[in-house]
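Student: Everything below, folded, please.
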Amino acid sequence: MTAIIETLCRKSAAVGGACPTEVPPGEPGHPLWEMAGPGGLKPTLRVFMLAPLEMVRFLTGLVGCGILFGLCLVPDLRADTVVLREGQIITGQIILEKENQLYVDIGITVLAIPKEKILQYEYAESLDPGRSDVNDVNQAPAGDQKAPQPSDHLYRTADLKKTTIAKCAEAVSGAVVKVSSPAGTGSGFFINEDGYLITNYHVIERETKIEVTLFTKVKNGFERRQFKKVKIEALNPFVDLALLKVEDLGDTKPGFVYLGDLVRLEVGEQVFAVGNPLGLERTVTDGVISTKNRAFEGLIYLQTNTAINPGNSGGPLFNLAGEVIGVTNMGYIFYGGLGFAIPVNYVRHFVENREAFAYDKDNPNTGYRYLQPDGRLNKARPDFLKDKDAPRP
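Tutor: Residues are numbered from 1 along each chain as shown. You can find the predicted model right below:
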């Protein structure tokens, strides 16, 4: 608001007027504004107490910037909102978000606001009717224009608007599951409402007795529902991905998530993970993308400082639009800030070519496990070795 008043004063001076007082605009004591509680300003009627000549000059300045005045002072009900720690509220369009700063277009200028000065900020609903928010996840029916689903794909994509971690976590929490086997537990996420889900290969490696725990949102929290009829659809141990299908869902329609695109992902962009580290269900951790192309053993991984611990494996890594950008699969327990995720592009390729990785329990080449040859029935030492060990003259 201070910027608006300063602009009006400059406009007034440009046409021969003057700012009605030497008190800085927006400060207590200025004729146009007075404090309205901690950190707030409100207009007063003191403007009518100005000298007639000053009033004429000031109103002339307002006429010169009338269009600007109308654009700036009429509140935009759909504008993004930034609340500063000192109580001030700024409305405008958040055009860029970095690790330490937020850039807000307020119409007459662009403000660079340090995040340490921000108490909270919130993205408004999109003005584009064809673009949905993350809270539309699981509400759009199959084939809806907001979430097109190719006929030959199991996953869905959508151009979602970025919002806050809190809103994203609430929207996607119903799609993240716990995957259990006799060997341990991990995480996973549904990619459609038909029961198909993604997890890490190493979570279910050499196991066929798999159980999926779904957390269904109810009035007073979440309800745990366990499904024990889980089919292994496809495995790719070289990328550490597995495609499962829950076959005993019945009438249950699980939530699902949209797969994102790495083209729009930037280094330093804020991300968050949802999973079950050490069995602690529905844990949310956040961080940023440290690099988009960290190489390990011939594959590319996303590196992030998001906390990733045992039990997070197979869980999703989200951007602030609530789109999956990676599958968390490894981290360093004793070194904080070193987590890695399989890029979503690998996930898309794996799902699209699932027939090539189809699981067959009777095929020894399925997955990374190879059958060992049978042991010898005759344990006696072979004759050729006996001859070799015989003493020579």
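
Student: Please count neighbours and contacts with C-alpha atoms only from this point.
Tutor: OK.

Student: Identify the spatial nearest neighbour of residue 278, chain neighbours not counted.
Tutor: residue 311 (5.2 Å; CA to CA, 6 or more residues apart in numbering).

Student: quick one: contacts for that neighbour?
Tutor: By CA atoms under 8 Å, 6 or more residues apart in numbering, residue 311 lies in contact with 185-187, 275-279.

Student: of these, closest to residue 247?
Tutor: Relative to residue 247, the closest of the contacts of residue 311 is residue 187; by CA to CA it sits at 17.9 Å.

Student: Now the element after the helix or strand that contains the closest one, going C-ward?
Tutor: Using DSSP states H and E, residue 187 sits within strand 184-190. Note on strand 184-190: by DSSP H and E, the next helix or strand toward the C-terminus is strand 196-199.

Student: so what does that next one touch, helix or strand wise?
Tutor: Contacts defined by 3 or more CA pairs under 8 Å, 6 or more residues apart in numbering; DSSP states H and E place strand 196-199 against strand 184-190, strand 241-246.

Student: could the contacts of residue 311 go into TSV alongside neighbour count and pLDDT?
Tutor: Below are those laid out as TSV (neighbours: other CA atoms under 10 Å; pLDDT from 0 to 100):
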residue	neighbour count	pLDDT
185	23	94
186	28	95
187	32	96
275	31	94
276	27	93
277	22	91
278	14	88
279	17	86
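
Student: Please identify which of those is nearest to residue 112.
Tutor: Checking the contacts of residue 311 one by one against residue 112 (CA to CA), the nearest turns out to be residue 275, at 33.8 Å.

Student: Would you mind splitting this protein into its domains for me?
Tutor: Here the domain assignment for the chain is 2-73, 80-122, 144-367, based on automatic domain parsing.

Student: Any chance of JSON lines for the ones you listed, columns distance to residue 383?
Tutor: Converted to JSON lines, the domains of the chain look like this (distance: least, CA to CA, whole Å):
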{"stretch": "domain 2-73", "distance to residue 383": "95"}
{"stretch": "domain 80-122", "distance to residue 383": "72"}
{"stretch": "domain 144-367", "distance to residue 383": "33"}
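
Student: who wins for proximity to residue 381 among those?
Tutor: domain 144-367 (30.3 Å).

Student: quick revisit: which strands or helices does the strand holding residue 187 pack on?
Tutor: Against strand 184-190 (3+ CA pairs under 8 Å, 6+ apart) you get strand 176-181, strand 196-199, strand 270-275.

Student: how does it look with 7 Å?
Tutor: strand 176-181, strand 196-199 (3 or more CA pairs under 7 Å, 6 or more residues apart in numbering; DSSP states H and E).

Student: quick one: strands adjacent to the shortest one?
Tutor: Just to be clear, that refers to strand 196-199. Using DSSP bridges, the strands paired with strand 196-199 in its sheet are strand 184-190 (antiparallel), strand 241-246 (antiparallel).

Student: can you check the longest one too?
Tutor: Taking DSSP bridges as the criterion, strand 176-181 pairs within the sheet with strand 184-190 (antiparallel), strand 211-218 (antiparallel).

Student: Where does the residue nearest to residue 194 when sequence neighbours are not counted fall, secondary structure wise?
Tutor: The spatial neighbour of residue 194 that comes closest, neighbours along the chain excluded (CA to CA, 6+ apart), is residue 253 at 7.4 Å. For residue 253, there is no helix or strand it lies in under DSSP H and E.

Student: tell me the pLDDT at residue 253?
Tutor: Looking at residue 253, its pLDDT reads 88.

Student: what does residue 231 give?
Tutor: 95.

Student: residues near it, how many?
Tutor: 18 (other CA atoms under 10 Å).

Student: That one touches residue 244, doesn't it?
Tutor: Yes - the pair residue 231 and residue 244 qualifies as a contact (CA atoms under 7 Å) at a distance of 5.7 Å.

Student: in the stretch 251-393 of the chain, which ranges drop under the pLDDT threshold?
Tutor: 363-374, 386-393 (pLDDT under 70).

Student: can I get the contacts of residue 311 in TSV with distance to residue 169?
Tutor: Output for the contacts of residue 311, formatted as TSV (distance: CA to CA, whole Å):
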residue	distance to residue 169
185	21
186	18
187	15
275	11
276	14
277	16
278	19
279	18
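
Student: for these, which one is nearest residue 211?
Tutor: So of the contacts of residue 311, ranked by how close each gets to residue 211 (CA to CA), first place is residue 185, at 9.3 Å.

Student: Out of the domains of the chain, which one sits most buried?
Tutor: domain 144-367 (a mean of 19; mean count of other CA atoms under 10 Å).

Student: okay, and for the stretch 1-150 of the chain, where does confidence drop off?
Tutor: 1-78, 125-150.

Student: Is it correct that residue 332 is in contact with residue 338?
Tutor: Yes - using CA under 7 Å, residue 332 is in contact with residue 338, at 5.9 Å.

Student: Could you find the closest non-adjacent residue to residue 337?
Tutor: In space, residue 337 is closest to residue 305, 3.8 Å off (CA to CA, 6+ apart).

Student: Could you double-check that the one you found lies in contact with residue 291?
Tutor: No - using CA under 7 Å, residue 305 makes no contact with residue 291, being 9.9 Å away.

Student: Overlap of the contact sets of these two?
Tutor: Shared contacts of residue 305 and residue 291 (CA atoms under 7 Å, 6 or more residues apart in numbering): none.

Student: which stretch among the strands paired with strand 176-181 comes nearest residue 353?
Tutor: Of all the strands paired with strand 176-181, it is strand 184-190 that lies closest to residue 353, at 17.8 Å by CA to CA.

Student: Please enumerate the helices of the stretch 201-350 of the chain.
Tutor: Applying DSSP state H, counting those that start in this stretch to the stretch 201-350 of the chain gives helices spanning 344-352.

Student: mind listing the strands for it?
Tutor: For the stretch 201-350 of the chain, the strands defined by DSSP state E, counting those that start in this stretch occupy 211-218, 221-227, 230-236, 241-246, 258-259, 270-275, 283-296, 299-304, 316-319, 323-331, 339-343.
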